[in-house]
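**Student:** Show me the folded form of this:
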Amino acid sequence: MEMLGGGSKRTGGRRRTWRFCLGATSATLIGAGAAMLSGVGGAGADSGLTQGSSSAQSMWVGPHEGSLAVGAIFGVALAGNTGASSKAQSEGVDLGAVGASMKSYNCGAPANPQVAGAVPSPLIVESGEPGASQGISQGPSQSDYFSNEFGQASNTPYAEADTTYAGPLADPSNAFTISGMHSKAWSGVVNGVDEAGASSDIGSISLGGGTVVLNGLHWLSVTPVNGGGQQTGTFGISQAIIGGTALPASPDLSQVFTAANQALAPLGIQVNFPTSTVSQGIQFVSPLQIEIVPSSQRDSVVDPVVTGLQPTYYQVANGLENGFSSDQAPYNSLGQLEDNQAGQQISAALCQSDNAITIGDVTIASLDGGGYFSTELGGVNSSAGPLAANQFTLGNLTLGALNPGSLGTPGSLGLPGSTNNLSTTTGGAKAAPTKLPSQAARARLRGFSAGGPLLGAGLGALALLLALAEGDRRLMRRGQKSALAGGPDSGVAAPGGGPEE
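**Tutor:** Numbers count the residues shown, from 1 in each chain. A predicted model of the protein is given here:
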């Protein structure tokens, strides 16, 4: 019996050794395959691709009440490219949250088609579309608020968006007038150099009924790629007229800022002039900001008018939104007109006037001290850099055509997106950019072929793992049979039998 027991121990040891060898061999082959895979990823790291985005605006108007703003952006231009794909967007007016509410359900009913139709749609052009490489234009028309929109996108790659307003545009009192607005954004290859840039130009603005006139305003932001040039951000004014007197031309605009604010202070208007900054690799040139601030001279005239109109205004606004029956006398008498069918139809139509009422409420609050009113003119930003290649490329294995990637929506002027870190400086003359090497491929994928050693290593490891699993299955099966039969391997004596002497 001792001999049988010793043979069983030796057999179990050989089985454990066999399983250990198979497992170690499989792990070695899998590790070798992983090392070869990482080598393939490194081979494709130099892609030669670039990416960039830029944006510009002409004017933003925003009355505020607390944290609620009902602003609109005029003259929007966005451009960007990712690899060989490019996209441009030109929009005469972006109504923001107000536009979204005009197109949504109101009073439990779909939006009025005429109201929803008053929300303009941007001109969006993407590379590969018919006519995109030559450029597509639309306007001026009532649907885009009489702006001229242009977009161009090609696989060069190059994207450009231009939005213009001839003007002049003015408020009802002509206290503020603006004309000659043109915003432009571009991204891609320009004269053999990859860069992203944006510019905004305003022919003339008049503040305070001609108290301050600024002519020839120009914003510029340019970001070249590959370290040959520097990011630049500049702002300039060709002429400033304060109180009817033209100031001497000077590159130092601090005197213009001081004189303009002194002249506008009695009217409760404050001007904050643009600055050039770089944040997270994005070159910003901020807008020229015009704010309505408290003024005893202006408020002594405006406040009595607003205070006198408020009781009537709020009764009418409440009646339009909720029905005149809920108003106080004498306006509640109009509720009788809402009882018949025609009155109910009128009431249902007036219920959707809450968008206009909200805008009116916020605008009034921004002027009477319950909020604040600001306008931003111009403003540009740009960013660009190398496009990182896929570090896990599986050689030349393909699943259809390779797409270099789609272009996302470029960031807005106030929200920088992520980009590669660039060592840059701001201001000054634009440095000469470096041309990309002509031999740099726009897309390269290098590595092992589909039938190379990586495939063999993977198949070999899989075969050994299957063999190991089959061996374990056979051992378990043999042990089960021995246990049922009471054999020597089971350690259980046969029925009726005792140990041998």
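
**Student:** Run through the strands of the stretch 1-150 of the chain in chain order.
**Tutor:** Per DSSP state E, counting those that start in this stretch, the stretch 1-150 of the chain carries strands over the ranges 50-56, 59-65, 68-69, 72-82, 85-94, 123-126, 136-138, 148-154.

**Student:** Convert the last one to CSV, retaining C-alpha atoms only.
**Tutor:** Presented in CSV, the C-alpha positions along strand 148-154 are these (Å, rounded to 0.1, in the frame of the first residue of the first chain):
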residue,chain,number,x,y,z
ASN,A,148,-23.7,88.9,-44.6
GLU,A,149,-22.5,85.4,-43.7
PHE,A,150,-19.7,83.4,-45.4
GLY,A,151,-18.1,80.0,-44.6
GLN,A,152,-15.4,78.0,-46.2
ALA,A,153,-13.9,74.6,-45.3
SER,A,154,-11.5,72.4,-47.2
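
**Student:** Run through the neighbouring helices and strands of it.
**Tutor:** Counting contacts by 3 or more C-beta pairs under 8 Å, 6 or more residues apart in numbering; DSSP states H and E, strand 148-154 packs against strand 85-94, strand 123-126, strand 136-138, strand 158-165. (Each C-beta comes from the backbone N, C-alpha and C, glycine too.)

**Student:** Pipe the ones you listed into CSV and attach distance to F176 per row.
**Tutor:** Converted to CSV, the helices and strands packed on strand 148-154 look like this (distance: least, C-beta to C-beta, whole Å):
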stretch, distance to F176
strand 85-94, 17
strand 123-126, 27
strand 136-138, 28
strand 158-165, 14
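
**Student:** I'd like these as JSON lines, with distance to A246, mean neighbour count and mean pLDDT appended.
**Tutor:** Output for these, formatted as JSON lines (distance: least, C-beta to C-beta, whole Å; neighbours: other C-beta atoms under 10 Å; pLDDT from 0 to 100):
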{"stretch": "strand 85-94", "distance to A246": "32", "mean neighbour count": "26", "mean pLDDT": "94"}
{"stretch": "strand 123-126", "distance to A246": "38", "mean neighbour count": "20", "mean pLDDT": "96"}
{"stretch": "strand 136-138", "distance to A246": "37", "mean neighbour count": "16", "mean pLDDT": "93"}
{"stretch": "strand 158-165", "distance to A246": "25", "mean neighbour count": "27", "mean pLDDT": "96"}
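
**Student:** Of all those strands, which one is nearest Q255?
**Tutor:** strand 158-165 (29.5 Å; C-beta to C-beta).

**Student:** Helix or strand next in line after the closest one, which one?
**Tutor:** strand 169-170 (DSSP states H and E).

**Student:** of all the strands of the stretch 1-150 of the chain, which lies closest to P224?
**Tutor:** Across those, P224 has its closest neighbour in strand 50-56 (9.5 Å, C-beta to C-beta).

**Student:** Taking strand 72-82 as reference, get the angle to the closest one.
**Tutor:** Angle between the axes of strand 50-56 and strand 72-82 is 170 degrees (criterion: axes from the mean of the first three to the mean of the last three C-alpha atoms, to 10 degrees).

**Student:** Residues in a beta bridge with the residue nearest to E126 when sequence neighbours are not counted, which ones?
**Tutor:** In space, and not counting its chain neighbours, E126 is closest to K87: 4.8 Å by C-beta to C-beta, 6 or more residues apart in numbering. On the basis of DSSP bridges, K87 takes part in beta bridges with G80, E126.

**Student:** Does K87 touch G80 like I think?
**Tutor:** Yes. Between K87 and G80 there is a contact under C-beta atoms under 8 Å: 5.7 Å.

**Student:** Specify the stretch among the helices and strands packed on strand 148-154 that is closest to N148.
**Tutor:** Evaluated with C-beta to C-beta, the helices and strands packed on strand 148-154 place strand 158-165 nearest to N148, the distance being 4.5 Å.

**Student:** what are the C-alpha coordinates of that closest one, in CSV please?
**Tutor:** Extracted as CSV, the C-alpha positions of strand 158-165 are listed here (Å, rounded to 0.1, in the frame of the first residue of the first chain):
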residue,chain,number,x,y,z
TYR,A,158,-8.4,75.4,-44.0
ALA,A,159,-11.6,76.8,-42.5
GLU,A,160,-12.7,80.5,-42.6
ALA,A,161,-15.8,82.2,-41.4
ASP,A,162,-16.7,85.9,-42.1
THR,A,163,-19.7,87.8,-40.7
THR,A,164,-20.4,91.5,-41.5
TYR,A,165,-22.9,94.2,-40.7
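
**Student:** could you give the mean pLDDT of stretch 204-214?
**Tutor:** For stretch 204-214, mean pLDDT rounds to 95.

**Student:** And for that stretch, what's in contact with it?
**Tutor:** Applying C-beta atoms under 8 Å, 6 or more residues apart in numbering, the set of residues contacting stretch 204-214 from outside is 173-180, 215-217, 237, 239-244, 256, 260, 263-264, 267, 269, 271, 290, 377.

**Student:** Which one of the strands of the stretch 1-150 of the chain lies nearest to L465?
**Tutor:** So among those, strand 72-82 is nearest, using C-beta to C-beta, at 41.0 Å.

**Student:** If you count contacts, what does the closest one end up packed against?
**Tutor:** Judged by 3+ C-beta pairs under 8 Å, 6+ apart, strand 72-82 is in contact with strand 50-56, strand 59-65, strand 85-94, helix 96-102, strand 158-165, strand 176-190, strand 193-207.

**Student:** Can you tell me which of the ones you listed is most buried?
**Tutor:** Stretch with highest mean neighbour count among the helices and strands packed on strand 72-82: strand 50-56 (a mean of 29; mean count of other C-beta atoms under 10 Å).

**Student:** That one to strand 193-207, inter-axis angle?
**Tutor:** Orientation check (the same axes, to 10 degrees): strand 50-56 against strand 193-207 gives 10 degrees.

**Student:** Pull up the pairing partners for strand 50-56, direction included.
**Tutor:** Strand 50-56 has these strand partners (DSSP bridges): strand 72-82 (antiparallel), strand 380-386 (antiparallel).

**Student:** Just the CA trace of the last one, in CSV.
**Tutor:** What follows is the C-alpha trace of strand 380-386 in CSV, where atoms were taken according to Å, rounded to 0.1, in the frame of the first residue of the first chain:
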residue,chain,number,x,y,z
VAL,A,380,-11.1,87.4,-30.4
ASN,A,381,-9.3,84.2,-29.4
SER,A,382,-7.2,81.5,-31.1
SER,A,383,-5.4,78.3,-30.2
ALA,A,384,-3.5,75.7,-32.2
GLY,A,385,-1.0,72.9,-31.8
PRO,A,386,0.2,69.4,-32.8
